[in-house]
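> kindly return the folded structure for what I paste below:
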Amino acid sequence: MASNVVNFYNGKTVFITGGTGFLGICLIEKLLRSFPDLKNIYLLIRPKKGKQIEERLEELKENSVFNRLKEENKTDLFKKLIPVAGDVGQENLGLSSADRLTLVEDVQIVLHSAATLDFEADLKSTTNINLLGTRRVVQLCQEIRDLKALVHVSSAFVNAVLTEAEERVYPTPFDVNELLIIVEKLDDATLEAETPNILKDHPNSYTFTKHLAEHEVKNGKIPAVIVRPSMITGAWKEPVEGWTISKNGPQGFLMGASKGVVRRLPVAKQLIYDYIPVDIVVNNLITAAYAVNQDSLVRLHTNVNNSLDRLKRFIFTEWKFHNPRMIELHESLSEIDKELFNLDIKSLVWEDYFVDLTQGVRTYLHKESPKTLEKARSKDKINGCSLGFASRIISASPEMASEDVAESVSEWFHGRNIFVTGGTGFMGKVLIYKLLLSCHNLGNIFVLIRKKKEVDPQTRLQHIIQQEPFKLIKEKYPDRLKKLILVAGDTTSEDLALSTADKQRLIKEVSVIFHMAANVKFDLPLKEAVKINTVGTMNILNLAKQIPNLQSFIHVSTSYCQCTEEVLEEKNYSCIVQPEKVVDTVNNMTDDVLKAMTQTILNGQPNTYAFSKALSEDLVQRSGLPAGVARPSIVVASWKEPAPGWVENMNGPTGLMIGAGKGVIRTVLCNYNYMLNLIPCDMAINAIIALAWKVGKEKPEKPMFMNVTCGAENPISWGYAVDTGKKHATTYPFTGLLWYPGGSITTLKFYHWIRVIFFHFIPAYLLDALIVLSGNKPFLVRVQHKVNAGIEMIQYYTTKEWVFRNERMQELQDELNPADREEFFMNTKAISWDDYLLRYILGTRQYCLKDDPSTLPRARKVLRCLYFADWFLKIGLLIFFTWFIYSWISPCGEITATKFEINEI
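Residues are numbered from 1 along each chain as shown. Alright, predicted model coming up:
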């Protein structure tokens, strides 16, 4: 079986910065040993201590890291190492024109690991090397003709101001251009005095400048990946166990302890220290590129003591670094690549590792032969001292390799068969996508689909898996789609209209049910709303009660099913009338009588949707099943998955956004200061899946109710949403604009309706008249009637405010292990609403309106034209009304003057 990674590197040329460092030299060894058909490796090397680059390359070849290659008689591979004179700290990397041209023409892969790791380095030098050095590398990459990947080595501690860091680039802690001006203009003494004010919460200039460097890579618009190792330690397996030439971190402490210099080390025993062996980091760097398309006692003693001071922040702080992408990368590798480029450290036994590391420190740092070991043991028991120190470090080590304090979500779903209703809807698609992506070891997912508009269920299923949510699954994990099993049926029919075989299979195999099928239209006739939302739930519950191995039943409701309450708790609310009686009543009434009685039956509920969902909750409450009721608020576009800003329907805020963005909606009756309780669809789905896990573990006697909302953690007002949306919509306009996006919201009903008449209907009638005169069919008046009907339906929600308690959702997050909190993210505090709303608008543009990004330049031109047209019209109307009022007042003045003249006569 061929290695995909090896095939990727074959015949390619690599450029490495930082190749003479600990990580870089180990990287070079791995590349030479694993890729014999690699063309060349260019190494950026600067003259140092009077030695030219050729001398430094020869010194590098003598390093112990290459002992394995020499033992295997593979030294001919050294011919692939080509030194290039340069320095990341100089303009243009200090490259000659000829060398730069060679790199531009020959290189395909760039591995940038050059950096200053000195925590005490001044801000000027770290800015030049870490920040500007990265900028210079990115600029080179932008010139490279056939660049396949830039791999930038950052640090897990670039976000040291956070105790929990995700795999994303966080906002810059300081404006880069301002920093460069400060560093250039201030003298060294002044800059040193100002440095704490610039760094703020960052522990040192290293993490600060490495953070900024990540943005250089992000903004470079090149195929790139950022790798953030934590504390890099000696080798686990390659090139040999315990190999190290680094005196940083544990190796430095082991050196000091083994020499008797370090007698005491302040540590926090209860904290988890995040170490990563250098060979695992090297494997990560290599596969990431593939995956993206003095020894004196005094000096040593001084260094160690200084290190303790510098590392205080790191010793007494615990971070949680989420790494699902590393796990996913390992999983995506073929079996042979997993052997060649191991990324999985679960099998690492930390006690054995530190024994090897201690021996590595002795051999490679102290330069002591193994033959002297017995003599050393009898003389001063160095090894015992070292291992004693190591045991203090690894007191928490078992926890490093495993976080199985509680069964993970994906482990709980392992082998379970799922039944999903509403799988063809907006949230249903995200649910199925997330289950296939993150719970890939589950059994099958049975999806209930009905015939619709003469399209059979099988065709509908095939159409669904062609859509955006499933593109990633199709590209990377196509076999997982085989887990989708079509079940033809309809929730509104008795026994769900299942065939006998399908029903028996579901009863026999299913253990988890997600009931998401519903009609969310606010203006649905009561009979139809009850039939779909209430009777549909009744039918699903009847099937669920027949399933002997049911572990978890999740009913997806809405946070707005008890709108008469101002504070909505995570509890059951009793219905005044039993759902069964409501079903009988609506079935026995004629449509005309039922229409006349609807408001009485609703009993204060704003619409048939909220009413029928409240009835459904009551059915679940009395079912006796291990159940959970998830109540999402206003479900909107995704935050991250399946793609940032993904949305496919025009309900709620999406419809308002499109209407306002196209210039159709100019006014909405809404309170500017009221909170808009949004929840991205991927966060909602993650919470729903986690609720199923919790219900399945705890088997509650009564259903768990959970409000899936932002609550008070990260509020956003209608006013902020409107203003921010308007800002982004004019920067990234939609195509097909009918008028310049404008208008506003108001709480004054009279003023709102005046604006409706003047800004909605009058322009619509005028433009329709012009359309008729041009020989085309008018449509704007019809559109405006539909738009205003939709606005009226949501006015109940835009003019009221509720408080949603969501303690259970917050507690659920805390119950998940760190990996699951990353995988099934639902922490709404992480949302930056400005960034989110931008992605929302771009997603609406792409997925709802099917506006290709290439249409933006033309859309912006149209927007500019409409901007001037809007102003001309406003000025024209102002002149017209001024003239009209003047012409109406002027005759009155003449009549009054005439009367005065007559009286005088």
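> quick check, residue 419 in a strand?
Yes - the assignment for residue 419 is a strand, going by DSSP: H, G, I helix; E, B strand; the rest coil.
> got a list of what it touches?
445-446, 448, 487, 506, 510, 512-514 (Cβ atoms under 8 Å, 6 or more residues apart in numbering). Glycine gets a C-beta too; all of them are placed from N, C-alpha and C.
> out of the residues you listed, which sit inside helices?
Judged by DSSP state H, the contacts of residue 419 include residue 506 as members of helices.
> now neighbour count, distance to residue 668 and pLDDT too, for the contacts of residue 419, in CSV please.
As requested, the contacts of residue 419 are exported to CSV (neighbours: other Cβ atoms under 10 Å; distance: Cβ to Cβ, whole Å; pLDDT from 0 to 100):
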residue, neighbour count, distance to residue 668, pLDDT
445, 23, 40, 96
446, 23, 42, 97
448, 28, 37, 96
487, 21, 41, 95
506, 23, 45, 96
510, 21, 44, 96
512, 28, 40, 97
513, 26, 38, 97
514, 28, 34, 98
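> need the contacts of residue 419 in JSON lines with distance to residue 59, can you?
Conversion of the contacts of residue 419 to JSON lines gives the following (distance: Cβ to Cβ, whole Å):
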{"residue": "445", "distance to residue 59": "59"}
{"residue": "446", "distance to residue 59": "65"}
{"residue": "448", "distance to residue 59": "69"}
{"residue": "487", "distance to residue 59": "68"}
{"residue": "506", "distance to residue 59": "70"}
{"residue": "510", "distance to residue 59": "66"}
{"residue": "512", "distance to residue 59": "61"}
{"residue": "513", "distance to residue 59": "66"}
{"residue": "514", "distance to residue 59": "62"}
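> does the residue most central in space within the chain count as helix, strand or coil?
Among the residues of the chain, the one closest to the centroid is residue 640, at 3.9 Å (Cα atoms, centre = their mean). State at residue 640, reduced to three classes by three-state DSSP: coil.
> can you start the count at 15 instead of 1 from here on
Happy to do that; since the first residue is 15 now, the last one works out to residue 654.
> wait, it sits on residue 696?
Yes - with contacts counted by Cβ atoms under 8 Å, residue 654 reaches residue 696, the gap being 5.8 Å.
> neighbours of residue 740, how many?
Neighbours of residue 740 under the rule other Cβ atoms under 10 Å: 17.
> my error: substitute residue 514 in the last question.
8.
> that one and residue 521, how far apart?
Residue 514 sits 11 Å away from residue 521, going by Cβ to Cβ, to the nearest Å.
> residue 712 now?
From residue 712 to residue 521 the distance is 24 Å (Cβ to Cβ).
> the more surrounded of these two?
residue 521 (16 against 12).
> tell me the pLDDT at the residue nearest to the centre of the chain?
Per-residue pLDDT puts residue 654 at 89.
> over to the one 10 residues further on?
On pLDDT, residue 664 comes in at 84.
> in the stretch 215-364 of the chain, which spans are helices?
219-232, 264-272, 292-305, 311-324, 326-329, 338-346, 349-354, 364-374 (DSSP state H, counting those that start in this stretch).
> and the ones you listed, which one averages the lowest pLDDT?
Across the helices of the stretch 215-364 of the chain, helix 311-324 gives the lowest mean pLDDT, at a mean of 32.
> residue 98 and residue 65: what is the separation?
16 Å.
> these two: who's more crowded?
Higher neighbour count among residue 98 and residue 65: residue 98, with 21 against 14, using other Cβ under 10 Å.
> wait, the more buried one touches residue 115, no?
No - the pair residue 98 / residue 115 is not scored as a contact, 11.6 Å apart, by Cβ under 8 Å.
> and residue 592, how many neighbours does it have?
Counted with other Cβ under 10 Å, residues neighbouring residue 592 total 13.
> element containing the nearest residue to it once chain neighbours are set aside, please.
Distance criterion Cβ to Cβ, 6 or more residues apart in numbering; nearest residue to residue 592, sequence neighbours excluded, is residue 632 at 7.4 Å. Using DSSP states H and E, residue 632 maps to helix 622-635.
> what is that helix packed up against?
If contacts are counted by 3 or more Cβ pairs under 8 Å, 6 or more residues apart in numbering; DSSP states H and E, helix 622-635 sits against helix 540-543, helix 550-558, strand 566-570, helix 593-602, helix 605-616, strand 641-646.
> residues of the fourth one that come out buried?
So the one you mean is helix 593-602. Residues of helix 593-602 classed as buried: 593, 596-597, 599-600 (neighbour count, 16 or more other Cβ atoms under 10 Å).
> ok, now the second one?
Within helix 550-558, the residues scored as buried using 16+ other Cβ under 10 Å are 550-555, 557-558.
> closest one of the residues you listed to residue 345?
residue 558 (33.1 Å; Cβ to Cβ).
> let me see the contact set for the closest one.
Residues counted as contacts of residue 558 (Cβ under 8 Å, 6+ apart) are 527, 564, 567, 637, 639.
> before we move on, what about residue 19?
300-301, 304, 347, 351, 354-355.
> in which helix or strand would I find it?
helix 18-23.
> and the protein, what are its domain boundaries?
Taking the TED database as the reference, the chain has its domains at 18-244+289-308, 246-287+363-404, 424-639.
> what's the least confident stretch among those domains?
Mean pLDDT values for these show the minimum at domain 246-287+363-404, a mean of 64.
> residues near residue 831, how many?
17.
> from memory residue 507 sits against residue 553, does it?
Yes - using Cβ under 8 Å, residue 507 is in contact with residue 553, at 7.2 Å.
> what sits against the residue lying closest to residue 551 once chain neighbours are set aside?
Nearest residue to residue 551 in three dimensions, chain neighbours excluded: residue 630, at 4.0 Å (Cβ to Cβ, 6+ apart). Going by Cβ under 8 Å, 6+ apart, residue 630 touches 547-548, 550-551, 569, 571, 593.
> same check on residue 746?
Neighbours of residue 746 in contact, by Cβ under 8 Å, 6+ apart: 852, 855-856, 859, 870.
> least confident of those?
Ranking these by pLDDT, residue 870 lands last with 84.
> A helix includes that residue, no?
Yes - Residue 870: assigned to a helix according to three-state DSSP.
> partner residues bridging the closest residue to residue 250 other than its chain neighbours?
Spatial nearest neighbour of residue 250, chain neighbours left out: residue 291 (3.8 Å); criterion: Cβ to Cβ, 6+ apart. Using DSSP bridges, the bridge partners assigned to residue 291 are residue 247.
> so residue 291 sits right up against residue 368, yeah?
No - the pair residue 291 / residue 368 is not scored as a contact, 11.0 Å apart, by Cβ under 8 Å.
> residue 677: neighbour count?
By other Cβ under 10 Å, neighbour count at residue 677 equals 23.
> contact partners for residue 443?
437, 478, 481, 483-484, 662.
> of those, keep whichever come out buried.
Buried by 16+ other Cβ under 10 Å: 437, 478, 483-484, 662, out of the contacts of residue 443.
> out of the residues you listed, which is nearest to residue 162?
residue 484 (27.0 Å).
> distance of residue 76 from residue 83?
12 Å.
> which of these two has more neighbours?
Legend: neighbour count by other Cβ under 10 Å for residue 76 and residue 83, higher for residue 83 (18 against 10).
> residue 95 is in contact with the more buried one, correct?
No - at 11.5 Å, residue 83 and residue 95 do not qualify as touching, with contact defined as Cβ under 8 Å.
> now do the shared contacts for these two.
residue 46.
> near residue 16, how many other residues are there?
For residue 16, using other Cβ under 10 Å, the count is 9.
> any figure for the gap between it and residue 741?
Relative to residue 741, and taking Cβ to Cβ, residue 16 is found at 51 Å.
> ditto for residue 221
Residue 221 is 33 Å from residue 741, by Cβ to Cβ.
> those two: which has the busier surroundings?
residue 221 (26 against 14).
> next one, pLDDT for the closest residue to residue 681 other than its chain neighbours please.
For residue 681, ignoring the flanking residues on the chain, the nearest one in space by Cβ to Cβ, 6+ apart is residue 769 at 3.9 Å. Listed pLDDT for residue 769 reads 86.
> what about residue 769, which helix or strand?
Assigned by DSSP H and E, residue 769 belongs to helix 763-769.
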